[in-house]
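Asks: heads up, no residue letters with this:
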């Protein structure tokens with residue numbers, strides 16, 4: 001009869017293997033699935049505040065297209081080292097405009113109860129090009145967004161992911177849902 005001899009690992013080796021495994025799993029999740037981001041600035045007031053932390057889903061846009069009203073993180077086309085957080089307003093092929101503070105999508109005004117104040121700076125009617133999106137900050141008068149050439153129509157390839165959960169501060173924890181106007185309106 002043969003004996004099976006089982007070697008036991010030292011506690012140090014067990015700890016090292018656990019830590020290395022955790023680092024690899026975390027790196028895979030951050031690269032392909034989800035990532036934490038901190039809101040920097042006030043362009044998304046009153047929805048998001050400076051210093052809040054978000055979990056951003058990086059995988060779902062591989063299977064579904066971004067939708068109007070979703071809050072996204074993207075690489076600034078003018079400087080891809082910068083990342084911004086904004087709301088998608090216009091999809092490829094949409095006609096978008098901002099006239100006297102009112103946002104129009106396909107000639108329909110949006111009733112935006114999620115913004116801080118109406119936009120002072122307008123936007124002449126334009127069609128969102130294929131493969132691009134029109135994004136705005138909720139704080140329209142303090143937001144570098146698609147109205148300005150540094151961002152412009154946002155190429156699809158620059159979208160990092162969709163904000164799905166605010167997890168900090170603890171008293172503000174919540175899931176990030178699209179405003180009702182984008183669920184009920186057929187734009």
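Replies: Ah, there it is. Here the structure is a predicted model, which means the values were calculated and not measured.
Asks: residue closest to the middle of the protein?
Replies: Centroid-nearest residue in the chain: residue 72, 1.7 Å away (criterion: C-alpha atoms, centre = their mean).
Asks: remind me, longest strand of the chain?
Replies: Determined from DSSP state E, the single longest strand within the chain is strand 79-90.
Asks: Now the element after that one, going C-ward?
Replies: strand 95-99 (DSSP states H and E).
Asks: What strands flank that next one, and is each parallel or antiparallel?
Replies: Strand partners for strand 95-99, identified by DSSP bridges, are recorded as strand 102-105 (antiparallel), strand 123-127 (antiparallel).
Asks: Deepest-packed of the ones you listed, please.
Replies: With neighbours defined as mean count of other C-beta atoms under 10 Å, the strands paired with strand 95-99 peak in mean count at strand 102-105, which reaches a mean of 19. The way it works is simple: take the backbone N, C-alpha and C, and place the C-beta from them, glycine included.
Asks: looking at this, residue 18 is in a helix?
Replies: Yes - per DSSP: H, G, I helix; E, B strand; the rest coil, residue 18 lies within a helix segment.
Asks: ok, residue 150 - contacts?
Replies: Applying C-beta atoms under 8 Å, 6 or more residues apart in numbering to residue 150 gives the contacts 76-78, 144.
Asks: can I assume it sits in a helix?
Replies: No - under three-state DSSP, residue 150 sits outside any helix and is assigned coil.
Asks: Can you pull the phi/psi pair for it?
Replies: phi -70, psi -30 (degrees, to the nearest 10).
Asks: now the strands paired with strand 95-99 in a markdown table, with distance to residue 14?
Replies: Converted to a markdown table, the strands paired with strand 95-99 look like this (distance: least, C-beta to C-beta, whole Å):
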| stretch | distance to residue 14 |
| --- | --- |
| strand 102-105 | 57 |
| strand 123-127 | 59 |
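Asks: Residue 173 is nearest to which of those strands?
Replies: Nearest of these to residue 173, taken as C-beta to C-beta: strand 102-105 at 29.0 Å.
Asks: Spell out, range by range, the strands that occur in this structure.
Replies: According to DSSP E, the strands that the chain contains are 34-38, 53-57, 71-76, 79-90, 95-99, 102-105, 108-109, 123-127, 132-136, 154-155, 159-168, 174-175.
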